[in-house]
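1. Give me a model of this one.
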Amino acid sequence: MELFGMPVVNVYLTVLIIAGLATVLYLFFSDITEGIGEASPLLDPAVILAFITFTSAIGYILEIATKWNHALILVIAAGVAAALDFLLYFFVLLPLKSAEVSLAYTDDSLTGQVGKVIVPIPADGYGEIVIDTVNGIISKRAAGYENQEIDYGKEVLIIEVKEGTFIVKEYEPFRFK
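-> Below is the predicted model of the structure:
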């Protein structure tokens, strides 16, 4: 049987190659289409491209390996591709979306954290602190709360952030006696 002037086997192979190339391009440029799949999982380009790829690959293999009717092969290929697409979406794509962790932070999100003074903070002046977070070690400019002086190596509590400067107070951990 011919479709578009080509044998059906060649149509499946051509669609498979084009869908594979489109998938590779999607990997590189997926940030552009980031919000498309939010409305419905069926509109997610990764799901659509996977369905087309699965359908054409299964159709190509069945056309070569069997002598079944071309319409039956297309129906079987689409059914198996839908099942594989369902498994791909629920067991790979959804967990990957929920596991996305951002390394971004804001200065205000560091309020309440404990840091360590690496450059002494003079009265009415600035020093430097480091904060150990899940993102790594962050170094920031700091000033003493109520203009207090804080020595090198002391632990400090971040009280607030004003214009990029961390206002800190010497940290005194609560201890039971």
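
2. where along this structure do the strands fall?
-> 2-3, 6-7, 114-119, 127-133, 136-144, 155-162, 165-170 (DSSP state E).

3. Reformat those strands as CSV; add distance to residue 49, mean neighbour count and mean pLDDT.
-> (Glycine included, C-beta is placed from N, CA and C.) CSV is the format used below for the strands of the chain (distance: least, CB to CB, whole Å; neighbours: other CB atoms under 10 Å; pLDDT from 0 to 100):
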stretch, distance to residue 49, mean neighbour count, mean pLDDT
strand 2-3, 21, 10, 66
strand 6-7, 22, 12, 80
strand 114-119, 46, 17, 94
strand 127-133, 37, 18, 92
strand 136-144, 35, 16, 91
strand 155-162, 44, 17, 93
strand 165-170, 47, 19, 93
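
4. Low-confidence regions, the protein specifically.
-> For the chain, the stretches with pLDDT under 70 are 1-5, 33-42, 99-103, 177.

5. for it, what spans make up the helices?
-> Under the criterion DSSP state H, helices of the chain are mapped to 8-29, 45-65, 70-88, 94-98.

6. so what are the domain limits for this structure?
-> 2-98, 108-170 (automatic domain parsing).

7. As CSV, those domains with distance to residue 176 would be great.
-> Listed next are those as CSV, based on distance: least, CB to CB, whole Å:
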stretch, distance to residue 176
domain 2-98, 39
domain 108-170, 19
